[in-house]
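*Asks:* Any chance you could fold what I've pasted below:
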Amino acid sequence: MAEPTFSYWERTSFTDNADVIIIGSGLVGLSAALHLKKQQPSLKVLVLERGLLPSGASTKNAGFACFGTVSEQIENINRSSEEEAMRLVAYRWQGLQRLRENLGDANIDYHQYGGHELFMDHEEGHAKTCIDQIDYLNKLLQQAIGKPDIYSVADEKIAAFGFGKVKHIIYNPFEGQIDTGKMMRTLLYKAYGLGVLVLNNCSISAIEQEDGRISLNTSQGNFKTPKVILATNAFAGQLYPELDVVPGRGQVLVTKQISNLKLRGTYHFNQGYYYFRNIDGRLLFGGGRNLDYKAEETWNFGHTEAVKNQLIAYLNEVILPGQNAEVDYWWSGIMGFGQEISPIVKQVQPGIFCAVRCNGMGVAMGSLVGEEVAELLVGSI
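*Replies:* Residues are numbered from 1 along each chain as shown. Below you'll find the predicted structure:
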């Protein structure tokens with residue numbers, strides 16, 4: 001296919017006149033765009049998106065507005081340090097509040113129904129380890145986010161929920177859930193209202209320094225700008241392989257509507273590798289990345305029979321036993337993970353900044369990650 005030829009008008013108004021080009025129109029990219037326009041309204045901000053809708057996970061995630069289960073807090077402390085793990089808790093909590101402030105609870109369908117970590121019959125040892133750490137973690141998290149008694153044992157909920165093979169539940173009343181489709185629509189409208197231009201179906205093949213400007217080679221032609229923000233999360237390694245970002249595919253289903261659905265809130269089990277929630281009288285359920293890490297370390301959307309079969313088995317045996325719930329939707333999203341638990345927000349080359357690796361918690365931290373990279377860029381002008 002011949003390279004597109006832009007007209008004079010297209011070059012002067014679209015491709016060559018942006019002060020900043022943001023690659024990626026997900027939560028991080030659009031949050032960065034909004035913050036740039038609020039800090040410097042005269043900036044011409046252009047967002048390039050490879051897909052018709054935001055690629056990756058922003059419109060494909062489960063809509064969990066959460067800052068972590070007991071299992072996750074223990075793992076993060078073991079992987080890093082107590083201080084770093086609590087810094088991340090505070091960062092996620094502040095990010096959630098910023099998301100709500102920026103967009104409004106009604107616009108994102110936010111509900112604080114609480115979060116539940118489930119432990120199966122065969123996980124008695126792991127459950128005891130987590131339960132024994134509740135008082136310790138509650139003291140740490142109270143210092144981090146100012147809320148007391150965050151985690152508590154709630155085994156009495158098991159019968160009411162109708163679960164099968166579940167032995168223990170740890171409850172957190174401060175977790176919430178959102179509609180990520182509504183979130184992204186609201187973000188797009190706010191961006192448009194501030195004069196941000198978003199162009200879709202425009203994938204980036206190379207970023208080059210050229211005569212004091214940055215040249216972006218794309219599927220739609222060449223764009224030039226003095227400043228670039230890379231906000232492609234899991235896909236960052238396609239342009240900068242040296243970044244510690246590994247893709248992780250999450251496979252998700254949504255059932256048909258279920259009469260008298262008893263579940264309300266967010267739920268995790270198997271150390272967070274499986275997660276489900278209520279949505280519009282249906283059940284959303286996803287996970288299974290741990291069945292074959294290498295197979296799920298992919299930039300390709302899609303499904304595997306192993307994960308689909310496991311999700312269906314857990315759906316019918318654990319979550320909704322005996323109900324034979326019918327699946328209405330299947331999809332997958334690509335998250336970005338790394339060795340460290342914090343996101344990467346830094347300058348990677350002169351004039352080029354990145355905000356990536358949200359470690360599966362983009363809803364919680366995305367707003368602040370976007371603002372942080374925007375501040376870095378503004379400081380360089």
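
*Asks:* Now do W9, the pLDDT please.
*Replies:* Looking at W9, its pLDDT stands at 91.

*Asks:* Next one: it from A374, what distance?
*Replies:* Computed as C-beta to C-beta, to the nearest Å, the W9 to A374 distance reads 29 Å. Using the backbone N, CA and C atoms, a C-beta is placed for each residue, glycine as well.

*Asks:* Could I get the full set of helices for the stretch 51-200 of the chain?
*Replies:* Residue ranges of the helices in the stretch 51-200 of the chain, as given by DSSP state H, counting those that start in this stretch, are 70-79, 82-103, 105-108, 124-132, 134-145, 157-161, 180-193.

*Asks:* Redo these as JSON lines? Include mean pLDDT, mean neighbour count and distance to G272.
*Replies:* Shown next, in JSON lines, are the helices of the stretch 51-200 of the chain (pLDDT from 0 to 100; neighbours: other C-beta atoms under 10 Å; distance: least, C-beta to C-beta, whole Å):
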{"stretch": "helix 70-79", "mean pLDDT": "96", "mean neighbour count": "19", "distance to G272": "5"}
{"stretch": "helix 82-103", "mean pLDDT": "96", "mean neighbour count": "19", "distance to G272": "14"}
{"stretch": "helix 105-108", "mean pLDDT": "98", "mean neighbour count": "17", "distance to G272": "22"}
{"stretch": "helix 124-132", "mean pLDDT": "97", "mean neighbour count": "15", "distance to G272": "12"}
{"stretch": "helix 134-145", "mean pLDDT": "97", "mean neighbour count": "17", "distance to G272": "15"}
{"stretch": "helix 157-161", "mean pLDDT": "94", "mean neighbour count": "14", "distance to G272": "18"}
{"stretch": "helix 180-193", "mean pLDDT": "96", "mean neighbour count": "18", "distance to G272": "18"}
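
*Asks:* Would you format these as JSON lines with distance to V245 included?
*Replies:* JSON lines is the format used below for the helices of the stretch 51-200 of the chain (distance: least, C-beta to C-beta, whole Å):
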{"stretch": "helix 70-79", "distance to V245": "16"}
{"stretch": "helix 82-103", "distance to V245": "17"}
{"stretch": "helix 105-108", "distance to V245": "26"}
{"stretch": "helix 124-132", "distance to V245": "29"}
{"stretch": "helix 134-145", "distance to V245": "26"}
{"stretch": "helix 157-161", "distance to V245": "36"}
{"stretch": "helix 180-193", "distance to V245": "21"}
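
*Asks:* among those helices, which is nearest G29?
*Replies:* helix 180-193 (9.3 Å; C-beta to C-beta).

*Asks:* Mind giving me the packing neighbours of that closest one?
*Replies:* The contact analysis (3 or more C-beta pairs under 8 Å, 6 or more residues apart in numbering; DSSP states H and E) places helix 180-193 against helix 27-39, helix 82-103, helix 105-108, strand 197-199.

*Asks:* can you list contacts of that helix?
*Replies:* Contact with helix 180-193 is made by 25-27, 30-31, 33-34, 37, 47, 53-54, 58-61, 63, 99, 102-104, 107-109, 198, 363, as judged by C-beta atoms under 8 Å, 6 or more residues apart in numbering.

*Asks:* How about L43: what's its closest non-neighbour residue?
*Replies:* Spatial nearest neighbour of L43, chain neighbours left out: D19 (4.7 Å); criterion: C-beta to C-beta, 6 or more residues apart in numbering.

*Asks:* With I170 instead?
*Replies:* E117 (4.5 Å).

*Asks:* how about the one you found, what does it touch?
*Replies:* E117 touches T69, V70, S71, C130, I169, I170, N172, Y267, H268, F269, G272, counting by C-beta under 8 Å, 6+ apart.

*Asks:* how about low-confidence regions in this structure?
*Replies:* Of all residues in the chain, those with pLDDT under 70 make up the ranges 1-4.

*Asks:* Compare the helices of the stretch 51-200 of the chain and report which one is nearest to S215.
*Replies:* The nearest among the helices of the stretch 51-200 of the chain, by C-beta to C-beta, is helix 180-193 at 24.1 Å.

*Asks:* Would you mind giving the helices and strands packed on helix 180-193 as TSV with distance to S332 added?
*Replies:* Listed next are the helices and strands packed on helix 180-193 as TSV, based on distance: least, C-beta to C-beta, whole Å:
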stretch	distance to S332
helix 27-39	18
helix 82-103	23
helix 105-108	22
strand 197-199	23
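
*Asks:* so which of these comes closest to E340?
*Replies:* helix 82-103 (8.6 Å).

*Asks:* orientation of the closest one relative to helix 180-193 in degrees?
*Replies:* 70 degrees (axes from the mean of the first three to the mean of the last three C-alpha atoms, to 10 degrees).

*Asks:* related to what we said a few turns ago, between W9 and A374, tell me which one has more neighbours.
*Replies:* A374 (29 against 8; other C-beta atoms under 10 Å).

*Asks:* OK, contacts around that one?
*Replies:* S31, A32, A33, H35, L36, Q39, I229.

*Asks:* Show me which pair in the residues you listed is furthest apart.
*Replies:* Going by C-beta to C-beta, the pair spanning the contacts of A374 furthest: Q39 and I229, at 13.3 Å.

*Asks:* Which one's more surrounded, those two?
*Replies:* Neighbours were counted for Q39 and for I229 using other C-beta under 10 Å; I229 has more, 27 against 14.

*Asks:* how does this protein divide into domains?
*Replies:* Domain assignment for the chain by automatic domain parsing gives 8-59+181-244+340-380, 246-337.
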